[in-house]
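Participant: Got a predicted structure here, sequence first:
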Amino acid sequence: MSKKTIEAYALTDSNIVNKATFFLGIPIIIVFGWLNNKYMSIFSVDHNDHRLVIVYSGICPVVRKDSLRIKGSMTNGEKLGILGKIMQAHRIENLDTGDVYEKR
């Protein structure tokens, strides 16, 4: 995986999805248990005249046309059903609002 820093404009608003990560439960007639969830933010940016999909593990509200500085690693998008490369972001700076989202 190659680590990169890019500056780009958002082409879409971020889509924040709630993904179930695992379930722990005890089946006694009915199932009593606990479901762990994780939020993912997905959006696309214009990078080198191409559309690049950005995936961030957490909540990162981005609005179309925001100027962003993104640090992350380029990976293959096959697991998400995307043909080509995607960027798994670790840090996103919104240069328009000054907000910083970073995974620690």
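Facilitator: It's in.
Participant: and residue 6, how many neighbours?
Facilitator: By other CB atoms under 10 Å, 17 other residues sit near residue 6. Quick note: C-beta positions are derived from backbone N, CA and C, even for glycine.
Participant: again, but for residue 90
Facilitator: Neighbour count for residue 90, taken as other CB under 10 Å: 16.
Participant: wait, what's in contact with it?
Facilitator: 71, 72, 73, 102, 103 (CB atoms under 8 Å, 6 or more residues apart in numbering).
Participant: tell me the pLDDT at the second one?
Facilitator: pLDDT recorded at residue 72 is 94.
Participant: Hmm, residue 62 and residue 44 touching each other?
Facilitator: No: using CB atoms under 8 Å, residue 44 is not in contact with residue 62, being 9.9 Å away.
Participant: what is in contact with these two at once?
Facilitator: Contacts common to residue 44 and residue 62, judged by CB under 8 Å, 6+ apart, are residue 10.
Participant: Can you turn the buried part of the contacts of residue 90 into a PyMOL selection?
Facilitator: To isolate the buried ones among the contacts of residue 90 in PyMOL, judged by 16 or more other CB atoms under 10 Å, type:
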select buried, resi 72
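Participant: Show me the contacts of residue 90 that map onto strands.
Facilitator: Residues from those lying in strands, with DSSP state E as the criterion: 71, 72, 73, 102.
Participant: Distance to residue 57 added to the residues you listed, as CSV?
Facilitator: CSV is the format used below for these (distance: CB to CB, whole Å):
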residue, distance to residue 57
71, 14
72, 10
73, 12
102, 11
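Participant: When residue 44 and residue 62 are compared, which one has more neighbours?
Facilitator: residue 62 (27 against 19).
Participant: residues in contact with that one?
Facilitator: By CB under 8 Å, 6+ apart, the residues touching residue 62 are 10, 13, 14, 41, 43, 68, 92, 94.
Participant: just checking, which of the residues you listed belong to strands?
Facilitator: Per DSSP E, the contacts of residue 62 map to strands at 10, 41, 43, 68, 92, 94.
Participant: Which secondary structure element of this protein has the lowest mean pLDDT?
Facilitator: strand 15-28 (a mean of 74; mean pLDDT, DSSP states H and E).
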